[in-house]
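Colleague: Need coordinates for the following:
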Amino acid sequence: MYGLDLLYKKTRDKTQMWKFGLEPRTIDAFLNNYSWKKLEHVGSTEYQDLYLKPIGRIMLVMEIERMIFAEKVR
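Modeller: This is a model prediction of the structure:
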């Protein structure tokens, strides 16, 4: 939960903000089930460094936010 237990408890029943979640180590297996192949997987720090800072965006990305770039395998 990356220290966000309280946020989860406060939002899950009211806003249904939490629709879906995976442990980072299970992403490959999950994608394989749907014939997808992971090309890139970055966490909050890497996302800021690779995508936000180069375009001059200053914003926080929570540790729980991850970015997966994948392609469909035929």
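
Colleague: which residues touch stretch 64-74?
Modeller: Stretch 64-74 is contacted by residues 1-2, 4, 24, 27, 31, 35-44, 47, 51 when judged by Cβ atoms under 8 Å, 6 or more residues apart in numbering. Glycine gets a C-beta too; all of them are placed from N, C-alpha and C.

Colleague: where does this protein have low pLDDT?
Modeller: Residues of the chain meeting the criterion pLDDT under 70: 1, 12-19.

Colleague: can you rerun that using 80?
Modeller: 1-4, 7-21 (pLDDT under 80).

Colleague: quick one: contacts for Leu52?
Modeller: Taking Cβ under 8 Å, 6+ apart, we find Leu52 in contact with Ile58, Met59, Val61.

Colleague: spatially speaking, which residue is in the middle of the chain?
Modeller: Centroid-nearest residue in the chain, with Cα atoms, centre = their mean: Arg66, separated by 2.4 Å.

Colleague: quick one, phi/psi of that one?
Modeller: phi -130, psi 160 (degrees, to the nearest 10).

Colleague: ok so, going back, just the buried ones from the contacts of stretch 64-74?
Modeller: Among the contacts of stretch 64-74, those buried by neighbour count (16 or more other Cβ atoms under 10 Å) are Ile27, Leu31, Trp36, Val42, Ser44.

Colleague: How many residues are close by the closest residue to the fourth one other than its chain neighbours?
Modeller: Going back to what we said before, that points to Val42. Leaving aside its sequence neighbours, Val42 sits nearest to Met67 (Cβ to Cβ, 6 or more residues apart in numbering; 5.2 Å). Met67 has 14 neighbours, counted by other Cβ atoms under 10 Å.

Colleague: what does Thr11 give?
Modeller: Residues lying near Thr11 (other Cβ under 10 Å) number 13.

Colleague: From Val73, how far off is the closest residue to Ser44 other than its chain neighbours?
Modeller: Closest residue in space to Ser44, ignoring its immediate chain neighbours: Val61 at 4.0 Å, by Cβ to Cβ, 6+ apart. Here the criterion is Cβ to Cβ, to the nearest Å. By it, Val61 lies 28 Å from Val73.
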